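Visitor: just coords:
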């Protein structure tokens, strides 16, 4: 295994890397840094948690430090889809570049542009930006990219998902033809592949951990549960004191807010993070979660791209994603850097197809936890739909396992307190398997 010393890094960066506690590069860092230091274009296919931010931040800092350009223009642009990810990348440049003298800053919407414009007027070497605000400031004449030397397009597939691809193309059209380009994407759908081919010049391809693979140390499980009982099951499982931090995923912003509301009613400390939240609210929630002041963070997929939390113990898929690859990204928030993690998924009747797609993608069957208070079986769900008037509470049916009753009797616990129901006999732990 290579050390960072063997990657021919300059002393200011090597000292900063050591100060961060890093001794050995990750595979994408080991393969990308030498290529980029040679000034070559790079096409990187790597999923969340592989260390790709350092894979491009470190060589960019070294190249710009060694070149010592005399112009005051922007020398490097990193284009990324979300504010959270932009802030995370900026923090990486701060950590690795604190002894280089190079300046860097972030550009994103949702906040006043005044401080950003002031920073641009003073001059900055590296900017990390989201497409919307970047284009806005370019159109106002505050940002010129004609002297750009290095361009990074990060999370290209997420740019496509978020509808930013046309904005990205507008930005690229303003870049100088002579430049070094770095292109990163976790997946490579046809439109992203075409974009990569159009902007890269004879790139070196680095591919780390295919998207279909999940970290070996992540313990996965699925709970079949009626949609209306998910909030009860979540609160029930969160009673486990062993869950130090939990990142809960929903498909929609409204869904995230609803989960937080339900948890707060039950006395849990939780906050939501998504695009409709103000920048200050999002940043406070993220900061509190990283520091441990907040135990539960509920997020949508787009907002979660910038969440990088050490020792995140649990990921909950409150709602299964409708795109199978997204499942891999979600559970990849835990089990990072060789640590272990637990990923728990809830599946209602409407999500059965999503679960099938996920299991096909990862080429494994996710173990089902069959013993919990609100088990949904698909046979019962079908029966309940055919005979919807016979089951109070509506929705799918479930077998009442609380008292060992397997007679098929159904009861509704909607609106109840999940703390009243435990599958464990007296004197034993409530922790679910």
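Guide: Yes, it's here. All of these numbers come straight from a predicted model, not from anything done at the bench.

Visitor: only C-alpha atoms for contact and neighbour calcs from this point on.
Guide: Fine.

Visitor: Any idea how many residues pack against residue 346?
Guide: By other C-alpha atoms under 10 Å, the residues close to residue 346 number 22.

Visitor: Equivalent analysis for residue 280, please.
Guide: 11.

Visitor: how far away is it from residue 155?
Guide: As for residue 280, its distance to residue 155 is 23 Å (criterion: C-alpha to C-alpha, to the nearest Å).

Visitor: Sheet partners, orientation included, of the helix or strand residue 346 falls within?
Guide: Per DSSP states H and E, residue 346 falls inside strand 341-347. In the sheet, strand 341-347 lines up against strand 218-224 (parallel), strand 314-317 (parallel) (DSSP bridges).

Visitor: Please identify the most buried of these.
Guide: When the strands paired with strand 341-347 are scored by mean count of other C-alpha atoms under 10 Å, the highest mean neighbour count falls to strand 314-317 (a mean of 24).

Visitor: List the buried residues of the next helix or strand after that one.
Guide: Using DSSP H and E, the next helix or strand after strand 314-317 towards the C-terminus is helix 324-331. For helix 324-331, the neighbour count (16 or more other C-alpha atoms under 10 Å) marks 324, 325, 327, 328, 329, 330, 331 as buried.

Visitor: Helix 324-331 relative to strand 341-347, how many degrees between them?
Guide: Helix 324-331 runs at 140 degrees relative to strand 341-347, counting by axes from the mean of the first three to the mean of the last three C-alpha atoms, to 10 degrees.

Visitor: Need the strands paired with strand 341-347 in TSV (columns: mean pLDDT and distance to residue 360).
Guide: Output for the strands paired with strand 341-347, formatted as TSV (pLDDT from 0 to 100; distance: least, C-alpha to C-alpha, whole Å):
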stretch	mean pLDDT	distance to residue 360
strand 218-224	94	15
strand 314-317	95	17
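
Visitor: Just send the ones you listed back as TSV, with distance to residue 184 too.
Guide: Shown next, in TSV, are the strands paired with strand 341-347 (distance: least, C-alpha to C-alpha, whole Å):
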stretch	distance to residue 184
strand 218-224	24
strand 314-317	25
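
Visitor: Of the ones you listed, which is nearest residue 86?
Guide: strand 314-317 (22.5 Å; C-alpha to C-alpha).

Visitor: Report the distance from stretch 94-105 to the chain centre.
Guide: Relative to the centre of its chain, stretch 94-105 is centred 25 Å away, using C-alpha atoms, centre = their mean, to the nearest Å.

Visitor: From the opening residue of it to its closing one, how far?
Guide: Per C-alpha to C-alpha, the first residue of stretch 94-105 is 9 Å away from its last.

Visitor: How about residues contacting that stretch?
Guide: 12-13, 16-17, 20, 57-58, 61, 65, 90, 93, 119, 124-128 (C-alpha atoms under 8 Å, 6 or more residues apart in numbering).

Visitor: before we move on, back to that, which among the buried residues of helix 324-331 gets closest to residue 226?
Guide: residue 327 (20.0 Å).

Visitor: With adjacent residues omitted, what lies nearest to the closest one?
Guide: Nearest non-adjacent residue to residue 327, counting by C-alpha to C-alpha, 6 or more residues apart in numbering: residue 321, 6.3 Å away.

Visitor: was I right about that neighbour contacting residue 328?
Guide: No. Counting by C-alpha atoms under 8 Å, residue 321 stays clear of residue 328, with 10.0 Å between them.

Visitor: care to break this protein down by domain?
Guide: 4-208, 218-420 (automatic domain parsing).

Visitor: Going by mean pLDDT, which of those comes out lowest?
Guide: Per-stretch mean pLDDT for those is lowest at domain 218-420 (a mean of 77).

Visitor: Am I right that residue 205 falls within a strand?
Guide: Yes. With DSSP: H, G, I helix; E, B strand; the rest coil as the criterion, residue 205 is part of a strand.

Visitor: For it, give me its contacts.
Guide: 42, 43, 44, 45.

Visitor: Look up which residues are beta-bridged to it.
Guide: Beta-bridge partners of residue 205, as defined by DSSP bridges: residue 43.

Visitor: Might you report the residue contacts of the residue lying closest to residue 218 once chain neighbours are set aside?
Guide: Nearest non-adjacent residue to residue 218, counting by C-alpha to C-alpha, 6+ apart: residue 341, 4.6 Å away. For residue 341, the contacting residues are 217, 218, 219, 312, 313, 314, 334, 335, by C-alpha under 8 Å, 6+ apart.

Visitor: ok, now residue 220?
Guide: 342, 343, 344, 345, 366, 367.

Visitor: Roughly how far does residue 369 sit from residue 318?
Guide: Applying C-alpha to C-alpha to residue 369 and residue 318 gives a distance of 15 Å.

Visitor: Same question for residue 351.
Guide: 11 Å.

Visitor: One more: residue 133?
Guide: Distance check for residue 133 against residue 318: by C-alpha to C-alpha, it reads 32 Å.
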